[in-house]
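>>> Next comes the sequence, and after it the predicted model I'd like to discuss.
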Amino acid sequence: MSLPETMLAAVLGEPGVIATRRLPLPRVGPEDVLVHVRRASLCGTDLKIRSHRFFGDGGPASRQFVPGHEYAGVVAAVGSAVDEFRVGDRVVTEAHRGCMRCANCLAGAYTDCLNYGDRRKGHRVQGMTVDGGFAEYALNHVSTLYRLPDSVGFDAAVVLTTVGTVMHALDVLGSLIVGASVAVIGPGPIGLLAVQVARELGAELVALTGTREGRLEIGRKFGADLTVNSRAEDAVAAVRQATGGQGADIVLECSGAPSAVDDALRMAKRSGKVVLVGFFDRPVEADLNHAVMNGISIGTVRGEGAGSVARAVSLAGRGRLRTSELVTHHFGLEDVGEAFDTYAERRGNAIKVMLDVSEDAEQFRAG
């Protein structure tokens, strides 16, 4: 088996521009795994990265940084200290790798690493602080990969990173979902997957609110008991009515809409729990006094974490997740600019836009 010296990669240009160029193949360190990427998908964070708004310092130099934190592929090479994977294994990535030396990482909260962004101390986030998966090859620390069951294809595998975010959002609740009423705000990929996960974990009632009827219809197919078009009716009132006037036990805010935080607080019952899952483009206003006076707990998550992708892989491996309805578009890596525009402009009701990076994974399968 031989590896090429260069690879095709999508790199950031000036703000708003992303295009392909050839780069040297990453060098594999002792604890690294080189992944031959098969599929990668776009999410809202990638739009912020393309615009450079994601980076507090203006971002990396143009034509050098490779985004992409949702991807799956085949192991092409392993470092000298890696015995967890073999060449030919099918794997999916977890974006976050903490420094594993600060107090937060040692407590398991590696997505809240105190050395975030400091590569000298070992911190990595694929496609955000280090090069990611919008390339033919991506370099991962061994701890950020999970082996895929044979029954899970690469399209479905890429979506599991997003499922991991949902799983991690439920981690902060500190309680079981069984028998609970759950309201999900925002029928994007995270919200639609949250409907499925809540249903699989035994929620008594699952409500989904949003503004796009087509997305709400998918939510009904995924198991939502109640869907509310918030353009046509009062979503807070509808959720409270469906819960006997008390409000939902759990509210997951997945839209990132500024007004949704206040809606989430008012959907929650007294002593209910709200988890903010979506990212916001600007500061938001919400009546925190309502939360204080009603004992409502507010939690947050930053993507997947605490091994949540492994749990997502387990669900998928048992056939408990539907993902095909979410994958709406496919583009080749060389068409990455068009893929970004399609996602940003929601062309053709784009939900999950995939980059078909490579198809020749068989060359890396062990003898």
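Arrived safely, thanks for sending.
>>> Would you agree C105 is in contact with R97?
No - with contact defined as C-beta atoms under 8 Å, C105 does not reach R97; the gap is 9.4 Å. Every residue, glycine included, has its C-beta placed from N, CA and C.
>>> buried stuff in the strand or helix carrying A207?
Using DSSP states H and E, A207 falls within strand 205-210. For strand 205-210, the buried set under the neighbour-count rule, 16 or more other C-beta atoms under 10 Å, comprises L205, V206, A207, L208, T209, G210.
>>> For those residues, could you give me a markdown table that also reports distance to T300 and pLDDT?
What follows is the buried residues of strand 205-210, written out as a markdown table (distance: C-beta to C-beta, whole Å; pLDDT from 0 to 100):
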| residue | distance to T300 | pLDDT |
| --- | --- | --- |
| L205 | 24 | 98 |
| V206 | 21 | 98 |
| A207 | 21 | 98 |
| L208 | 21 | 98 |
| T209 | 20 | 98 |
| G210 | 21 | 97 |
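>>> Distance check, D335 against A157.
Separation of D335 from A157 (C-beta to C-beta, to the nearest Å) stands at 21 Å.
>>> what comes into contact with the strand holding A207?
Under the criterion C-beta atoms under 8 Å, 6 or more residues apart in numbering, residues 181-187, 191-192, 195, 198-199, 216, 219, 223-230, 235, 238-239, 242-243, 248, 255, 263 lie in contact with strand 205-210.
>>> quick one: contacts for E304?
Counting by C-beta under 8 Å, 6+ apart, E304 has contacts E94, A95, H96, T111, T161, G164, T165, M167, H168, A312.
>>> if we take the residues you listed, which one ends up nearest to G59?
A95 (17.7 Å; C-beta to C-beta).
>>> That closest one and E70: what is the separation?
Remark: distance between A95 and E70 (C-beta to C-beta) = 8 Å.
>>> Quick check: neighbours shared by the two?
Counting by C-beta under 8 Å, 6+ apart, the residues touching both A95 and E70 are T161.
>>> what about these two, which has more around it?
Between A95 and E70, counted using other C-beta atoms under 10 Å, E70 has the larger neighbour count: 32 against 29.
>>> Distance of that one relative to G317?
18 Å.
>>> And V163, by the same measure?
12 Å.
>>> Could you give the average pLDDT over the helix or strand hosting I49?
Element membership for I49 (DSSP H and E) is helix 44-51. Taken as a whole, helix 44-51 has an average pLDDT of 94.
>>> hey, C-alpha coordinates of it in PDB?
What follows is helix 44-51 as a C-alpha-only set of coordinates in PDB (Å, rounded to 0.1, in the frame of the first residue of the first chain):
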ATOM      1  CA  GLY A  44     -24.100  26.300  10.100                       C
ATOM      2  CA  THR A  45     -20.800  26.600  11.800                       C
ATOM      3  CA  ASP A  46     -19.100  26.000   8.400                       C
ATOM      4  CA  LEU A  47     -20.800  29.100   7.000                       C
ATOM      5  CA  LYS A  48     -19.400  31.200   9.900                       C
ATOM      6  CA  ILE A  49     -16.000  29.700   9.200                       C
ATOM      7  CA  ARG A  50     -16.200  30.500   5.500                       C
ATOM      8  CA  SER A  51     -17.100  34.100   6.400                       C
END
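>>> so how many other residues sit close to R39?
Counted with other C-beta under 10 Å, R39 comes out at 25.
>>> er, G317 I mean
15.
>>> Might you report the residue contacts of R63?
V11, L12, G13, R21.
>>> Then E285?
E285 sits in contact with P258, D262, where contact means C-beta under 8 Å, 6+ apart.
>>> And what about it, helix, strand or coil?
coil (DSSP: H, G, I helix; E, B strand; the rest coil).
>>> who has more neighbours, D335 and A157?
A157 (27 against 16).
>>> Now the more buried one: phi and psi?
phi -60, psi -40 (degrees, to the nearest 10).
>>> Offset the numbering so it begins at 5, please.
Renumbered: residue one is now 5, and that last one reads A161.
>>> So which residue is dead centre in the chain?
T166 (3.1 Å; C-alpha atoms, centre = their mean).
>>> which stretch of helix or strand covers that one?
helix 158-175.
>>> circling back: in strands only, show me the contacts of R67.
V15, L16, R25 (DSSP state E).
>>> Please give the number of neighbouring residues around the nearest residue to the second one once chain neighbours are set aside.
Counting by C-beta to C-beta, 6 or more residues apart in numbering, F69 is the residue found nearest to L16 once chain neighbours are left out, at 4.8 Å. The burial count assigned to F69 is 24, neighbours taken as other C-beta under 10 Å.
>>> which residues touch F69?
V15, L16, G63, D135.
>>> among these, which one has the lowest pLDDT?
G63 (75).
>>> ok but that residue is inside a helix, no?
No - applying three-state DSSP, one finds G63 to be coil, outside a helix.
>>> OK, contacts around it?
L16, P19, I53, H56, F69.
>>> coming back round to it: could the contacts of F69 be laid out in CSV, adding distance to S275?
Output for the contacts of F69, formatted as CSV (distance: C-beta to C-beta, whole Å):
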residue, distance to S275
V15, 49
L16, 45
G63, 43
D135, 45
